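Visitor: Okay, predicted coordinates and the sequence, questions at the end:
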Amino acid sequence: HAAATYTLAGALAAFAGSLLYNPDYLYTGALPYDGALAAAAVVVLPLLLLGVAAVAAVLRGHIATGQAAGAVVLAAGAFVPLKALVGELAGVGPEARYVMHLALSPFAPTDWYNTSFALRGATGVLAGAIVAMVLLALALATSLPRRPAAPLAAAAALTLLVAAQLSLILALTQAVENAELLGQLLGALAALAAVLAVVVGRNATLAAR
């Protein structure tokens, strides 16, 4: 299920990218995509669709399938903002930034033709995407008390870590009120995730006995 999800995510991104990609940008000086929303549709939308399908599978009782697909979606989704912000996080030159960006490509199947380059300055779009992924992570984490799954738990933790990193970057680059609002939202979600983690740990301990 995980391999199928990875392949399907890449296929959906390639299809969307082929429709939205502007092959004349090298000659006209325009962007390869018409704005951040088009780039987000290529990189993020396939993951959100597959994530919703994974949640639906869990709700319908196909917990193992939903967890496997959800783990891939969350892990891949967490690497998208990391790829987009690797230059800001590393503080290195353009050549090294490009190499680091490419090095993360195997972990982001929907980053068709390195589309995340178009999201580097789109902090609002990235913030919305990562909040959506956090909500998916919390929805999928509700299945862990019924069926503990280390890959899903690790992917959910990675999603929360990236959300925290992004909130710190936004706090440095955006208006104070926007950073405070995002911090409050992520703080509330992190508190809920902590409660779920305690429940999962308790159930796993009882099951081991």
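Guide: The structure has been received and is ready for your questions.
Visitor: rest of the way, CA atoms for contacts and neighbours
Guide: OK.
Visitor: what's the spatially most central residue of the chain in contact with, if anything?
Guide: In the chain, the C-alpha nearest the mean C-alpha coordinate belongs to G77, at 2.1 Å (Cα atoms, centre = their mean). For G77, the contacting residues are 44, 47, 108, 130, 133, 159, by Cα atoms under 8 Å, 6 or more residues apart in numbering.
Visitor: how close does it sit to Y33?
Guide: Per Cα to Cα, to the nearest Å, G77 is found 20 Å from Y33.
Visitor: quick revisit: narrow the contacts of G77 to those in helices?
Guide: 47, 130, 133, 159 (DSSP state H).
Visitor: ok, the third one - how many residues close by?
Guide: In other words, M133. Close neighbours of M133, defined as other Cα atoms under 10 Å, add up to 25.
Visitor: ok, it - contacts?
Guide: Taking Cα under 8 Å, 6+ apart, one finds 48, 74, 77-78, 159 in contact with M133.
Visitor: Go again with 7 Å.
Guide: The contact partners of M133, taken as Cα atoms under 7 Å, 6 or more residues apart in numbering, are 74, 77.
Visitor: cool, and the last one?
Guide: Shown in contact with T159 (Cα under 7 Å, 6+ apart): 74, 78, 134.
Visitor: Take the residues you listed and lay them out in JSON lines including distance to Y98.
Guide: What follows is the contacts of T159, written out as JSON lines (distance: Cα to Cα, whole Å):
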{"residue": "L74", "distance to Y98": "24"}
{"residue": "A78", "distance to Y98": "19"}
{"residue": "V134", "distance to Y98": "27"}
